[in-house]
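Visitor: Predicted model and sequence below, questions to follow.
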Amino acid sequence: IHILPGFFSFSDFINKLIQKISFIEHFSPFARGIIDSREICFFVLSFFSMILLSTAFQYRSSEKKIPVPALFFFCIFFIFSFLWSSRVYFHVYMSSSNKYSLTSSTTRLLKKITSPLKITYYKSPEIYDFYPSCRDIPLLLKEYALTQKNVFFTEEKADGKKLEAMGAFSSQVKKEGDSKIEYVSLYSAVLIQYRGENSLVPLILSSETVEFDVTMRISLLISSNQKKVYVVLGNGFSLENDYSLLLPWLKSRGIQTEVIELNILQDFLDGLSPQEISNSVLFLLGSSLLTEDQCSSIKSAVEKGFPLFVLTSPYSVDLYSTWNVSKTENDSLIPILEDYGFVFEKALAEDISS
């Protein structure tokens, strides 16, 4: 029955009904190495239902009447079993890779949910044709609902105008037909709703980042502590010309950012509160322009527990003219990093696509 929507146009209600009674749909957890008690209950109830139907046809062919009390008892048993299986259940991951299971940190986070949380996956009908890895996205999102009873998952056809109004992005792909070539916009977005607040994963085309994107947004929705990334440019480049994609990318992942200028970096680090230290990260791009006092403030903040993510090297490249590589003189952060155990080799990392 699961192939019927591919040949006929049904309403959303009929499509969901077909999904509920499709054997393929209920077998998918077992195919992924997940033993789910609700799916077992579905097949057991289907087994007894077919026995009842066979018995009913046998009685009809022999012109016997089906005992009404037996029929009534079975209907009550069926309804009760169906409702009970959706409330009391277990699922066990049998695959060695745990590809379709959630991490322990996500499981702990979901236990903190006290109100209904709804996860909706909006996808274009053709998304699987161009991005086959998207097939695993709804499978992983279902695990959130399986893990916590307050989490509900639905899958809906993408409405481009509605999604773009919410802040979603599209992926432009070329579609070749028999007589023409056209470009279509494909959508693959996840909306998370909790206590009247919404958070959107604007575009996701791989299952590898699903748990990170969704779990982080759930954490932001249920927690009052908003984590922030402080961005510092310590190499003389600019966000407008050199790192123009950085802030939009961080924003698309649901990360709040703030740019700290070099002239106020030391005052900012020296005035960090304990809450800022525990709920934020310093993202440092380059270190050649940092003064010795600024580096000392960075070291002091790190030793107080302030997380630091730094991209730097003792060498610099003239990106805008000769591409010559030279050793950076008087970089005060490099000795601090070396004291922490980091080693910089005299070697170049080459990217053949660049």
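Guide: Thanks, I have it. Numbers count the residues shown, from 1 in each chain.
Visitor: Which positions within stretch 217-236 qualify as buried?
Guide: Going by neighbour count (16 or more other CB atoms under 10 Å), the buried part of stretch 217-236 is 217-222, 229-235. Bear in mind the C-beta positions are built from the backbone N, C-alpha and C, glycine included.
Visitor: so can I have JSON lines of those residues showing distance to Ser199 and pLDDT?
Guide: Formatted as JSON lines, these follow (distance: CB to CB, whole Å; pLDDT from 0 to 100):
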{"residue": "Arg217", "distance to Ser199": "4", "pLDDT": "89"}
{"residue": "Ile218", "distance to Ser199": "8", "pLDDT": "91"}
{"residue": "Ser219", "distance to Ser199": "10", "pLDDT": "88"}
{"residue": "Leu220", "distance to Ser199": "6", "pLDDT": "83"}
{"residue": "Leu221", "distance to Ser199": "6", "pLDDT": "86"}
{"residue": "Ile222", "distance to Ser199": "11", "pLDDT": "85"}
{"residue": "Val229", "distance to Ser199": "17", "pLDDT": "93"}
{"residue": "Tyr230", "distance to Ser199": "22", "pLDDT": "95"}
{"residue": "Val231", "distance to Ser199": "21", "pLDDT": "96"}
{"residue": "Val232", "distance to Ser199": "27", "pLDDT": "96"}
{"residue": "Leu233", "distance to Ser199": "28", "pLDDT": "95"}
{"residue": "Gly234", "distance to Ser199": "32", "pLDDT": "93"}
{"residue": "Asn235", "distance to Ser199": "33", "pLDDT": "90"}
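Visitor: Kindly reformat those as a markdown table and extend each row with distance to Ala70 and secondary structure.
Guide: Shown next, in a markdown table, are the buried residues of stretch 217-236 (distance: CB to CB, whole Å; DSSP: H, G, I helix; E, B strand; the rest coil):
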| residue | distance to Ala70 | secondary structure |
| --- | --- | --- |
| Arg217 | 51 | helix |
| Ile218 | 47 | helix |
| Ser219 | 52 | helix |
| Leu220 | 54 | helix |
| Leu221 | 49 | helix |
| Ile222 | 48 | helix |
| Val229 | 65 | strand |
| Tyr230 | 70 | strand |
| Val231 | 71 | strand |
| Val232 | 75 | strand |
| Leu233 | 77 | strand |
| Gly234 | 79 | coil |
| Asn235 | 80 | coil |
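Visitor: From the residues you listed, pick the one nearest Asp293.
Guide: Gly234 (13.3 Å; CB to CB).
Visitor: residue contacts, that closest one?
Guide: Counting by CB atoms under 8 Å, 6 or more residues apart in numbering, Gly234 touches 262, 284-290, 312, 333.
Visitor: Just the buried subset of those, please.
Guide: The neighbour count (16+ other CB under 10 Å) marks 284-288, 290, 312, 333 as buried among those.
Visitor: Go through those residues and name the one nearest Pro125.
Guide: Checking the buried ones among the contacts of Gly234 one by one against Pro125 (CB to CB), the nearest turns out to be Leu285, at 40.6 Å.
Visitor: how about the closest one, what does it touch?
Guide: Counting by CB under 8 Å, 6+ apart, Leu285 touches 231-235, 237, 243, 311-312.
Visitor: How about Gln19?
Guide: Gln19 neighbours (CB under 8 Å, 6+ apart): 2, 25.
Visitor: Confirm that it sits in a helix.
Guide: Yes. Gln19: assigned to a helix according to DSSP: H, G, I helix; E, B strand; the rest coil.
Visitor: those strands in the stretch 51-200 of the chain, which residues are they?
Guide: Taking DSSP state E, counting those that start in this stretch to define them, one finds strands in the stretch 51-200 of the chain at 91-93, 117-123, 151-157, 171-176, 181-186, 188-194, 197-201.
Visitor: before we move on, what about the stretch 201-350 of the chain?
Guide: Remark: strands assigned in the stretch 201-350 of the chain by DSSP E, counting those that start in this stretch are 228-233, 256-259, 280-285, 308-311, 315-317, 325-327.
Visitor: can the ones you listed go into CSV with extra columns for distance to Ile21?
Guide: Formatted as CSV, the strands of the stretch 201-350 of the chain follow (distance: least, CB to CB, whole Å):
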stretch, distance to Ile21
strand 228-233, 47
strand 256-259, 44
strand 280-285, 48
strand 308-311, 49
strand 315-317, 61
strand 325-327, 65
